[in-house]
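Asker: Pasting the sequence and the predicted model now:
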Amino acid sequence: MPDQAIEIEGLKKTYRPSAKAPAKTALHGVDLQIPRGSIFGLLGPNGAGKSTMINILAGLVVKSAGTVRIWGFDQDVNPRQSRAAIGVMPQELVLDPFFTPRGALEVQAGLYGVPRAQRRTDEILDLIGLADKADAYARSLSGGMRRRLLLGKALVHSPQILVLDEPTAGVDIELRNMLWANIRKLNEERGMTIILTTHYLEEAEEMCDEIAIINHGRLITRDTTANLLQRITGKSMIVVPDGNATPGDLPPGITFETRPDGALAFHYDQRTMTAGQVLDHIRDANIRIADVRTEEVDLEQVFLALTSDTPAA
Ligand code: ADP
Ligand code: MG
């Protein structure tokens, strides 16, 4: 078995111009290796190029340049083997409304050349919680059930690598928990390598061993989840002042800005300062506090921090 489930080198994609849009380069030469057996997160904002990369892996989008090896097979040299090693749950809901879940899984298995005797249709229906809907038309299924069916379709040929493109976008908490539990199970019990894309840091944090961050078609960083979170050390304390307030001289390590709504945002690095110390400085500056809160790190700030070497605020 290969050490790397996926090896991507110099991957480029430029979409051709259309009547509606000019040419667009969605990937500018990405290098990425994804180890076998991991749960790997591809994290980035909308438009970063995540789906483009996933769809190239799936063989749905043709790359412009670079090499892609899936389970050791070069996509251009061994297209069948590389396709057989990977199952993709797409971001978009693409289902024929006239198929039943059982029918959709059988057709998909046929497309991948899985012999009837080796099909695991009932097992998959159980796994995705659709056994009792096996013979209902897809058009009568809820949105959540359709997404589960997409997961099932990605599994019919027992791929070594499962790719999920924004698996939990727009799904309710119950379905999200069920998807995550199933994904963990596939990873732990069958050693399946899982790759998921998301634009939520929390989701990547909760699910993934390692994370690659991509923005504007470029890989910004790649690290273990624990290391990445350690690098995001900035915090903000937001103070709504009671009356007009201007902070006087602040000690080094605290910067501030006035928000459009009049609130004061104090940024600090939690490696060198505690929230209590920041509050002390705010009181020393004679600011009366009507309200105070701390703010979560957001992804845009994480990107800025990781690309500029300063802590995220
Ligand atoms: P993400 O999945 O990270 O949101 P995408 O890979 O879908 O990003 O898109 C990356 C960029 O490529 C975006 O600017 C998007 O508008 C563009 N793009 C995606 N698909 C197409 C397409 N079929 N034709 C032209 N441009 C596209
Ligand atoms: Mg996408």
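Answerer: Right, received. Where do you want to start? Ligands and ions are numbered 1, 2, ... in the order given.

Asker: Any idea how far stretch 188-207 is from the middle of the chain?
Answerer: Offset of stretch 188-207 from its chain centre (CA atoms, centre = their mean, to the nearest Å): 7 Å.

Asker: now do stretch 115-124
Answerer: With CA atoms, centre = their mean, you get 30 Å for stretch 115-124.

Asker: Contacts for that stretch, please.
Answerer: With contacts defined as CB atoms under 8 Å, 6 or more residues apart in numbering, stretch 115-124 is touched by R102, L105, E106, A109, A131, G152, L155, V156, S158. Yep, even glycine has a C-beta here, placed from its N, CA and C like the rest.

Asker: Make sure I have this right: the last one is in a strand.
Answerer: No: S158 is assigned coil when assessed by DSSP: H, G, I helix; E, B strand; the rest coil, not a strand.

Asker: who touches it in this structure?
Answerer: By CB under 8 Å, 6+ apart, the contact list for S158 reads R120.

Asker: please renumber so the chain begins at 708
Answerer: Done: numbering now begins at 708, and the last item shifts to S865.

Asker: Can you list phi and psi of it for me?
Answerer: Backbone torsions for S865, taken as degrees, to the nearest 10, come to phi 50, psi 60.

Asker: Repeat that for the first one.
Answerer: Reported as degrees, to the nearest 10, the phi and psi values for R809 are phi -60, psi -40.

Asker: ok, P958 - contacts?
Answerer: P958 makes contacts with H988, as judged by CB under 8 Å, 6+ apart.

Asker: Quick one, grab the pLDDT at it.
Answerer: For P958, the pLDDT comes out at 83.

Asker: Assign it to helix, strand or coil.
Answerer: Under three-state DSSP, P958 falls in the coil class.

Asker: tell me which parts of this structure are close to ligand 2?
Answerer: Within the chain, the positions near ligand 2 by CB under 5 Å from the ion are K757, S758, Q798.

Asker: surely the last one meets A876?
Answerer: So the one you mean is Q798. Yes: using CB atoms under 8 Å, Q798 is in contact with A876, at 7.1 Å.

Asker: returning to what we had before: out of the residues of the chain next to ligand 2, which is nearest to ligand 2?
Answerer: Comparing the residues of the chain next to ligand 2 against ligand 2 with CB to the ion places S758 closest, at 3.1 Å.
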